[in-house]
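Asker: structure for the following, please:
(2 chains)
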Amino acid sequence: MNPADMPQHPASPSAEAPTALMAAIEAIAQGPLKQQVEAIDRGLYPQLIMRDLARVGAMSAHLDTDTQGADYGLAIRAMAEVSRVCGATGFMMWCQAVCGLYLQQSGNPALTGSLLQAHIEGRGLGGTALSNPMKSYAQIEGMLLRARAVEGGYRVSGTLPWVSNLGPGQYCGAIASVNSGAAGEPHEIMFLLHCDAPGVELRECPSFSGMEGTGTYALRLTEHFVGADQLIADPTRPFIASIRAAFVMLQCGMAVGVTQGAIDSIWAVEGQLGHVNQFLDDRPDALQAELDELTARVMQLAETPFDTSQEFFIDVLDARAHGAELCLRAAQSALMHQGARGYLLSSEVQRRVRESHFVAIVTPAIKHLRKEIARLSAEEMPA
Amino acid sequence: MTVPLPFQQYICEACGYVYDEALGDADGGLPPGTRLADIPDDWACPLCGVSKHDFVPYVAPCLDQLRQQAGRVALVRSRKVGRAGQGAEGSVVIVGGGSAGWQMAEALRASDAELPITLVSACAGDRYDKPLLSVALARGLPPGQLVKESGAQAASRLRLNLMAHTHAVRVCPATRQLRTTRGVVPYSHLVLAHGAEPVLPDMLAASLCWRINHLAVYQKLRAALDGASHELLIVGAGLIGSELANDLALGGHRVTLLDTQAEPLARWQSEQAGQKVLQAWQGLPIRFVGDVQLAAAERVQGRIRVSTRCGQVFEADQLIAATGLHTPSRLARTAGLSWDQGIAVEAQTLRTSQAGIYALGDCITVEGQASRYIEPIARQAKTIAAQICGGEPQPYQVRPMVVRVKTTSMPLTLH
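Answerer: Down below sits the predicted model:
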């Protein structure tokens, strides 16, 4: 059959668009990003690169616009291509991508208009402060931000540790629990939090072992006012239920990319060290086969990102867990394959080990994923 | 003279940093001896930046106690088989801690004293006879009396690695790995024995109705009934629903039994099973209402209200559903197994469509037919064990089942 005869999705981009996007991303990743990757690991926030990536469409392929249909598979591949070179930048792409998802799905005209457009084009950069609420919904910890209803909106106080892709002029999606006098159903609000707004303070974090250039701060809110124009969702639970699979699924791009980068490093020394490396566990062909199988699975999940069934969400959580586990093994194996040269502090192999640790511990971490799968798998019975 | 209170410790709920009043926080400007109450509001946790309001009192846990708890978990995981990512030669992994799973383990151990076996169970893996759950309701037996052997004891006797309270999530046939909520388990042979689970009609929310399919649920229902006499509503008058009605009535409860069919046990209509069982129940507080379709169920002031499409309304203290079973498809789907109302297995070998994967018990179908009875399980286990351990072939034979309905006053035998 002639491909031209195939039915076309009305809003789908032309067949060349994904290829062009991937080529543009590869050019950035292999060019300016590769040059700065060490500096980013040590603390440089790559704002220009983030803006460039946004400008070519690297962090908005999953969003429906007038000119394109949402393509989660493409968004994940984009993130993987960057993470293959720099895990920190891949992580910030995820932050930017889910923040865009919040804005678009909010249905709030104050957020879906020019603000979203600026976000898509990279004139606006933002992150997500949902680590704590996601753990709270999974019954792992309590909510750190608290809101009380006031005339025309809410006043929010509390501190969030470790929110990424932030900086002056930037923003993130956040959730606060609403204090209501009566002991009823829990109530939360989700809102767009501007770093420069009154009652908001960014605080430096202590040093992490890697990924220092991710614009990560503690956010302290003191009686910060949230009005209708900032509201992403009220209440939040139906909103989170609709986006949770997309939120977790997009993170698979980081795992796939960091794993691929590790496999690349193994092949890089194969010619010289293959004669001894053949005795190691987790050889590159086996890792690649497992990665390809996982990637194919993720691409299939990416076709229905808003499937709200429990079975689908368990599949997404498990793919994310598998990605983290594979990433750890691949990075470790790359170090074994490279030997002393991979142990140099300046080695990309050394950096990638730390990036793989991040993939495994960032919310939802492997342990959270397993606990959540167990919780969702348990039969519900009368109280 | 007042004695000063001893210094306290507080832990940051966000990151786990412990603030010790005796030590203070020199870098944060708090001299030793600064009470939490006296810390200024703008002080920040030195690790994650939250304020003192996110700190809660902390008492260092007793390490010996923690080690003991961890030791109990280690006991059931003492024999770690193989390593992730490797072929783990010879390890057999069984999914399911019910009759089928344990009989499979028994049969394998009987054939091979050294074979490494791992059994993955969503529950504790305690051994009990499921058909007796209903009888136990009649006699008011405490759950402990139903357990013949704890999972941990059985694991130690059979020298196998029991992964209790562990959910099997996905089979990766290419790498021969089972993904679980407690890590990845490599297998040389995989035996699926995870059974079937109750299926509910759409209008019945899981939070409203009991399904008596596990010991743990029996335990919870017993607690909810709490020794008193209750009004109970049972939906579904098949074999399980009818036995439950019988046994709960014997246990002193008033039972209303609903079904879409005109009589109970409608599957055995040709043998007049419905009339016989209704006769047997004459002296019991059981009211059967047939020919009704459920329309809605809701909780009203602590009680359950069920309405039917024909406009009848029933109220009860507890609602129990016995509306059929279906096989969970997750593992079969992820392994790419042939499916025919259940895991399709070859009749004589109980092999699935994927090399190295077998299945037995309630989760299988032979030519599209499930056979959810106890009797075939031991024979099925022997058939599979003979293939895995390389013994004399023991082809499985499908036999017609005889069903005994345990109505105490007039036992029924159905074909």
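Asker: quick check: which element contains the residue of the stretch 201-350 of chain A found nearest chain B?
Answerer: Distances between the stretch 201-350 of chain A and chain B by C-beta to the nearest C-beta are smallest at A:A218, namely 2.7 Å. Yep, even glycine has a C-beta here, placed from its N, CA and C like the rest. Take DSSP states H and E as the rule and A:A218 turns out to sit in strand A:217-227.
Asker: ok, residues contacting that strand?
Answerer: Strand A:217-227 has contacts (C-beta atoms under 8 Å, 6 or more residues apart in numbering or on different chains) with A:129, A:145, A:147, A:150, A:152-163, A:166, A:172, A:174, A:176, A:189, A:191, A:193, A:195, A:197-205, B:44, B:48-51.
Asker: which of the residues you listed fall in strands?
Answerer: Within the contacts of strand A:217-227, residues falling in strands by DSSP state E are A:147, A:150, A:153-163, A:172, A:174, A:176, A:189, A:191, A:193, A:200-204.
Asker: distance of A:L221 from A:S157?
Answerer: 5 Å (C-beta to C-beta, to the nearest Å).
Asker: what residues do those two have in common as contacts?
Answerer: Common neighbours of A:L221 and A:S157 (C-beta under 8 Å, 6+ apart) are A:L145.
Asker: and those two? Which one has more around it.
Answerer: A:L221 (23 against 18; other C-beta atoms under 10 Å in any protein chain shown).
Asker: can you report phi and psi for the nearest residue to B:R176 once chain neighbours are set aside?
Answerer: Nearest residue to B:R176, sequence neighbours excluded (C-beta to C-beta, 6 or more residues apart in numbering or on different chains): B:Y187, at 5.5 Å. Dihedral angles of B:Y187 (phi, psi; degrees, to the nearest 10) stand at phi -140, psi 150.
Asker: touching the next helix or strand after the strand holding A:A218 from outside, list them.
Answerer: As assigned by DSSP H and E, the chain's next helix or strand after strand A:217-227 is strand A:231-233. Strand A:231-233 has contacts (C-beta under 8 Å, 6+ apart) with A:102-103, A:105-106, A:108, A:111, A:153, A:173, A:189-192, A:239-240.
Asker: apply 7 Å and report the result again.
Answerer: With contacts defined as C-beta atoms under 7 Å, 6 or more residues apart in numbering or on different chains, strand A:231-233 is touched by A:102, A:106, A:108, A:111, A:173, A:189-192, A:239.
Asker: what average pLDDT does that strand get?
Answerer: Regarding strand A:231-233, the rounded mean pLDDT is 97.
Asker: how far off centre is that strand?
Answerer: In this view, strand A:231-233 has its centroid 20 Å away from the chain centroid, taken as C-alpha atoms, centre = their mean, to the nearest Å.
Asker: and stretch B:193-201, by the same measure?
Answerer: So, by C-alpha atoms, centre = their mean, the centroid of stretch B:193-201 is 10 Å from its chain's centroid.
Asker: ok, the closest residue to chain A within the stretch 201-350 of chain B to B:D129 distance?
Answerer: At 4.0 Å from chain A, B:A206 is the closest residue in the stretch 201-350 of chain B, using C-beta to the nearest C-beta. Noted for B:A206: a distance of 25 Å to B:D129, by C-beta to C-beta.
Asker: next: B:A332.
Answerer: B:A332 is 26 Å from B:D129, by C-beta to C-beta.
Asker: the more surrounded of the two?
Answerer: B:A332 (25 against 12).
Asker: and the gap between that one and B:I364?
Answerer: 10 Å.
Asker: common neighbours of these two, please.
Answerer: B:I343.
Asker: buried ones from the ones in strands among the contacts of strand A:217-227, can you make that a PyMOL selection?
Answerer: Applied in PyMOL, the following selects the buried portion of the ones in strands among the contacts of strand A:217-227 according to 16 or more other C-beta atoms under 10 Å in any protein chain shown:
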select buried, chain A and resi 147+153+154+155+156+157+158+159+160+161+162+163+172+174+176+189+191+193+200+201+202
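Asker: burial measure for A:E121, as a count.
Answerer: 13.
Asker: swap in A:E81?
Answerer: 24.
Asker: ok, now A:E355?
Answerer: Neighbour number of A:E355 under other C-beta under 10 Å is 26.
Asker: just checking, it touches A:E212?
Answerer: No: taking contacts as C-beta atoms under 7 Å, A:E355 lies outside contact range of A:E212: 11.6 Å.
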